[in-house]
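Asks: Show me the folded form of this:
(chains A and B)
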2 protein chains.
Amino acid sequence: MDKPIGVIDSGVGGLTVVHELMRQLPKEKLIYLGDTARCPYGPRSEKEVKKFTWEMVNFLMEKDIKMLVIACNTATAFTLAELQEELDIPVIGVIQPGARAAIKFTQNNHVGVIGTEGTINSEAYTQALKKINENIHVNALACPSFVPMVESGTLAGPEAYSVVEETLLPMKRRNHMDTLILGCTHYPLIKDTIQEVIGEHVTIISSSEETARETSTILDVHGLLSNTEMSPVHQFYTTGELDIFIEIARTIFQESSFNMLKIKKAGLISNQDA
Amino acid sequence: MDKPIGVIDSGVGGLTVVHELMRQLPKEKLIYLGDTARCPYGPRSEKEVKKFTWEMVNFLMEKDIKMLVIACNTATAFTLAELQEELDIPVIGVIQPGARAAIKFTQNNHVGVIGTEGTINSEAYTQALKKINENIHVNALACPSFVPMVESGTLAGPEAYSVVEETLLPMKRRNHMDTLILGCTHYPLIKDTIQEVIGEHVTIISSSEETARETSTILDVHGLLSNTEMSPVHQFYTTGELDIFIEIARTIFQESSFNMLKIKKAGLISNQDA
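Replies: Numbering: from 1, shown residues only, chains lettered A, B, ... in the order given. Next up is the predicted model:
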């Protein structure tokens, strides 16, 4: 099955999922679409997020993808069930893989979740955790300052440490958790700083890594794994400015991986939506 | 979906998978069948393993299971593809989840695998790893002394340490691996001893934990997760001696879990097969 896997995101955060897909599934060809022009989705209404997500999905379905990864927490919260029902290809979001990994790792059933305000307010992680195990205690915290910090390129150092420390303070105060879910695809980029602040005794779950792992599971179970011998070339589309997208992609991917990317502008949306 | 998950194994090793299924999926009802009377499967022919496995599968299919877990490495190696094709319920084995977890964890692409002679000689793990990533270096070692030691109840202490140390010596000598797969469902019972011998720098992957995790994924993707509020009662069947089975189950499960089990003898096989 040499068809590509489609990956959608509201912007560049989903590139951490792509990075893990490239690492864990090196034979698979990827098509990524980031709706950078209309990012962030977090503060938008459910109706708007659904409309934008369907536009992205239709764009990728025309490129004959074999599976869809929704690499955006907000889009997952609002559209996963609908997309799973209406598309005839497997669809996975970023919320459930992180929740399942946390359930596997936790020994004391105290799990923390951090994400954008939209994701935390949607309670999607709490629901995903409790759906499987009602005895999981969830300690959720919105971290609105993290995404702007990452998008500005501050990933480590004293400034990042002080922002992360201040933000996570309320979580540390009532901290029995042994497992913390990074419930936003931007956060793996500041994982080391978060680990330093929260302490080595807490296992940090990257929803990006876990989503890539489960993509592998689902492709296998559906008999969809690629069996090519060739190194795939990946296609990346952004609805926003090409230069900024390329700059961020360069910081996420190492040189050898970066050279496997073809980045284009997608003519997806009309200006009045942006 | 309040139908049970069916779990089959050649004997008692699969109980480590059941233990993880109970921990990671506490709402799910399980039916386990251990073919203790004809254990081990490792030295048996492919034809015989297929025949015995189909007998177990037919026994569980009559109990209206919603998913099948093959909690035995040998049976997975010989029958997974066939069962996935012929049954109309999802089927998962123990080999692929361990392989996928190793690919996620390894940073240097050097992965070790230990298992019975049957599993190692089948090269099923090497194939599962290389199918996804041809650049993975696999260091595989058969450990024929581990299963008899575990079945005799020696799980820790100086005797266990010396058996494990001596067995793993050839693997330690040429050891670049950062990840080691326990490719036998008995081995999680001696995981601490193996970790002590192999060193803390190696991440140990329990195929039992990973199989339970992927069972969760597959149930969710197929819309088969249980939504009951009640604590499930599990049914356990053995083709062998009830007393020995109960004794081993008692060492694997804690008291509270053990009380959730109903253990019976299965009238599955004629004597000439044993």
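Asks: name the element A:Val12 belongs to?
Replies: For A:Val12, there is no host helix or strand (DSSP states H and E).
Asks: tell me, how many neighbours does it end up with?
Replies: 27 (other CB atoms under 10 Å in any protein chain shown). Glycine gets a C-beta too; all of them are placed from N, C-alpha and C.
Asks: for the one 5 residues further on, same thing?
Replies: The local packing of A:Val17 (other CB under 10 Å) involves 29 other residues.
Asks: what helix or strand is it on?
Replies: helix A:15-24.
Asks: now A:Thr154
Replies: Under the criterion of DSSP H and E, A:Thr154 resides outside all helices and strands.
Asks: Report the spatially nearest residue to it, omitting neighbours in sequence.
Replies: Closest residue to A:Thr154 apart from its sequence neighbours, by CB to CB, 6 or more residues apart in numbering or on different chains: A:Ala160 at 5.2 Å.
Asks: who touches that neighbour in this structure?
Replies: By CB atoms under 8 Å, 6 or more residues apart in numbering or on different chains, A:Ala160 lies in contact with A:Met149, A:Thr154, A:Ile190, A:Thr193.
Asks: isn't the last one right next to A:Val164, touching?
Replies: Pointing back at A:Thr193 there. Yes - with contact defined as CB atoms under 8 Å, A:Thr193 and A:Val164 form a contacting pair (5.0 Å).
Asks: Close to chain B: what parts of chain A are there?
Replies: Taking CB under 8 Å from any CB of the partner chain, the part of chain A that reaches chain B is made up of A:24-27, A:84, A:90, A:92, A:96-97, A:100-101, A:103-104, A:131-135, A:209, A:212-214, A:216-218, A:220-221, A:225, A:227, A:229.
Asks: Need the buried ones from the residues you listed selected in PyMOL.
Replies: Buried residues within the residues of chain A next to chain B, by 16 or more other CB atoms under 10 Å in any protein chain shown, are selected in PyMOL with:
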select buried, chain A and resi 24+25+26+27+84+90+92+96+97+100+101+103+104+131+132+133+209+212+213+214+216+217+218+220+221+225
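Asks: Sitting in helices, which of the residues of chain A next to chain B do you find?
Replies: Using DSSP state H, the subset of the residues of chain A next to chain B located in helices is A:24, A:84, A:96-97, A:100-101, A:103-104, A:131-132, A:209, A:212-214, A:216-218, A:220-221.
Asks: what are the pairing partners of the following helix or strand past the helix holding A:Val17, and which direction each?
Replies: Per DSSP H and E, the first helix or strand lying C-terminal to helix A:15-24 is strand A:30-34. If you go by DSSP bridges, strand A:30-34 pairs up with strand A:5-9 (parallel), strand A:234-238 (parallel).
Asks: I'd like the mean pLDDT over the last one, please.
Replies: Going back to what we said before, that points to strand A:234-238. Per-residue pLDDT over strand A:234-238 has a mean of 92.
Asks: Pull the residues that contact it.
Replies: Here strand A:234-238 makes contact (CB under 8 Å, 6+ apart) with A:4, A:18, A:22, A:29-34, A:36-37, A:59, A:63, A:245, A:249, A:260-266, A:268.
Asks: List only those of those flagged as buried.
Replies: Among the contacts of strand A:234-238, those classed as buried by 16+ other CB under 10 Å are A:4, A:18, A:22, A:29-34, A:36-37, A:59, A:245, A:249, A:261, A:263, A:266, A:268.
Asks: can you pull the buried residues of the helix or strand containing A:Ala77?
Replies: Assessed by DSSP H and E, A:Ala77 sits inside helix A:73-86. For helix A:73-86, burial by neighbour count (16+ other CB under 10 Å) applies to A:Asn73, A:Thr74, A:Ala75, A:Thr76, A:Ala77, A:Phe78, A:Thr79, A:Leu80, A:Leu83, A:Gln84.
Asks: Is it correct that the fourth one is in contact with A:Val94?
Replies: It stands for A:Thr76. Yes - in this structure, A:Thr76 is within contact of A:Val94 by CB under 8 Å, at 5.4 Å.
Asks: Quickly list what's touching both of the two.
Replies: Common contact partners of A:Thr76 and A:Val94 (CB under 8 Å, 6+ apart): A:Ile70.
Asks: Please convert the strands paired with strand A:30-34 to JSON lines, extending it with mean neighbour count.
Replies: Shown next, in JSON lines, are the strands paired with strand A:30-34 (neighbours: other CB atoms under 10 Å in any protein chain shown):
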{"stretch": "strand A:5-9", "mean neighbour count": "27"}
{"stretch": "strand A:234-238", "mean neighbour count": "22"}
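Asks: Adding distance to B:Leu180, write these out as TSV.
Replies: As requested, those are exported to TSV (distance: least, CB to CB, whole Å):
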stretch	distance to B:Leu180
strand A:5-9	29
strand A:234-238	31
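Asks: Nearest approach to A:Leu169 belongs to which of those?
Replies: strand A:5-9 (29.1 Å; CB to CB).
Asks: what's next to that closest one, contact-wise?
Replies: Against strand A:5-9 from outside (CB under 8 Å, 6+ apart): A:14-15, A:17-18, A:21, A:25, A:28-35, A:53, A:56-57, A:60-61, A:63, A:65-72, A:75, A:185, A:215, A:219.
Asks: could you give the mean pLDDT of it?
Replies: Rounded mean pLDDT across strand A:5-9 is 97.
Asks: Next, the angle helix A:15-24 makes with it.
Replies: Strand A:5-9 runs at 160 degrees relative to helix A:15-24, counting by axes from the mean of the first three to the mean of the last three CA atoms, to 10 degrees.
Asks: after the lowest-mean-pLDDT helix or strand in chain A comes which helix or strand?
Replies: Lowest on mean pLDDT, DSSP states H and E among the helices and strands of chain A sits helix A:255-258, with a mean of 69. Beyond helix A:255-258 in the direction of the C-terminus, DSSP H and E gives the next helix or strand as strand A:261-265.
Asks: That following strand - contacts with which helices or strands?
Replies: strand A:234-238, helix A:242-252 (3 or more CB pairs under 8 Å, 6 or more residues apart in numbering or on different chains; DSSP states H and E).
Asks: rerun that using 10 Å as the cut-off
Replies: For strand A:261-265, the packing partners by 3 or more CB pairs under 10 Å, 6 or more residues apart in numbering or on different chains; DSSP states H and E come out as helix A:15-24, strand A:30-34, strand A:234-238, helix A:242-252.
Asks: what does it contact?
Replies: A:15, A:18, A:22, A:30-32, A:34, A:36-37, A:233-242, A:245-246, A:249-250, A:253 (CB atoms under 10 Å, 6 or more residues apart in numbering or on different chains).
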